[in-house]
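Peer 1: Let's see this in three dimensions:
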Amino acid sequence: KALREQLAQDRMRQMEQQLRLKAVDELMNRITWRPSKGTVKAEAERLVQQHVQMAIQRGAKPDVASQQAESLRASYTQNATRNLVFSRIAASIAKRENITVTDMELEQVAQQMAKSQGQDPAGIMKYLKEQKLIDTLRKRILEDRVLAIVVENAVMEDAPAIREPAAKRQKPAEPAPAAR
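Peer 2: Just a heads-up that it's a prediction; the model follows:
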C-alpha cells in the first residue's frame, strides 16, 4: 500500500511539473521580448558554473565536471534564454500582484535544503551568502510562487476528456447465472 501511495505521489508530481512547463511555454509564447546574446551567454555561463559546482559537491573531479558541462553548453544556452524570459515574466507578475519573498521564507527554504542534504542550516546559509546566491534563491522562490499562482488560476481551453483511473471506473455488471 505504501508503494502504491508513493507511485501515486510521484505521478502527481510529474503531472504538476508537466503543467508548470506548459504554463511557462504559454506565457513565453505571449511575449516577443528576448534577451540580448550577451545576456544569454552570461546566463549560460552561470548555468555551466552551477553544473560544475553541483557535480563537484557530488564528488566529481573538477576537470571531469567541467568537461561534462562543456559538452552540454548548447542546451545551457537554450535553458538560459528560457530562464531569462521567464524571469522577466515572473518579475512582472510578482510586481503587479505584490508577491514577495521574506527573509523568514528564505531561511525556511534554506532549512529544507539543509535537511534534504543532511547538512547544517547555518552552514547552508553561510554558503549561500559567501557564494552570493541569496538573491538567486530568493528569485527562484519568487518564480516558483508566481508559477504556482499562474497554474492555480489557469483556464484550460480545448481540454481533452480525462479518463478516470481504472480503479475508480465501474466494472460492467456480470450477467446473472443461468437458472437450471
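Peer 1: Name the spans of the chain whose pLDDT lies under the cut-off.
Peer 2: Scanning the chain for pLDDT under 70 picks out 156-180.
Peer 1: now do 80
Peer 2: Along the chain, the model assigns pLDDT under 80 to residues 1, 51, 54, 56-58, 65-66, 68-74, 154-180.
Peer 1: Quick check: buried residues in the top helix by length along it?
Peer 2: Looking across the chain with DSSP state H, the single longest helix is helix 2-29. The neighbour-count check on helix 2-29 (16 or more other C-beta atoms under 10 Å) flags 23-24, 27-28 as buried. No exception for glycine: its C-beta is placed from N, CA and C like everyone else's.
Peer 1: If we only consider those, which is nearest to Ser92?
Peer 2: Closest approach to Ser92 among the buried residues of helix 2-29 (C-beta to C-beta): Leu27, at 10.0 Å.
Peer 1: tell me which element the residue lying closest to Leu72 once chain neighbours are set aside is part of?
Peer 2: Using C-beta to C-beta, 6 or more residues apart in numbering and skipping residues adjacent in sequence, the residue nearest Leu72 is His51, 7.0 Å away. His51 is part of helix 37-57, with elements assigned from DSSP states H and E.
Peer 1: Relative to the whole chain's centre, how far out is that helix?
Peer 2: 17 Å (C-alpha atoms, centre = their mean, to the nearest Å).
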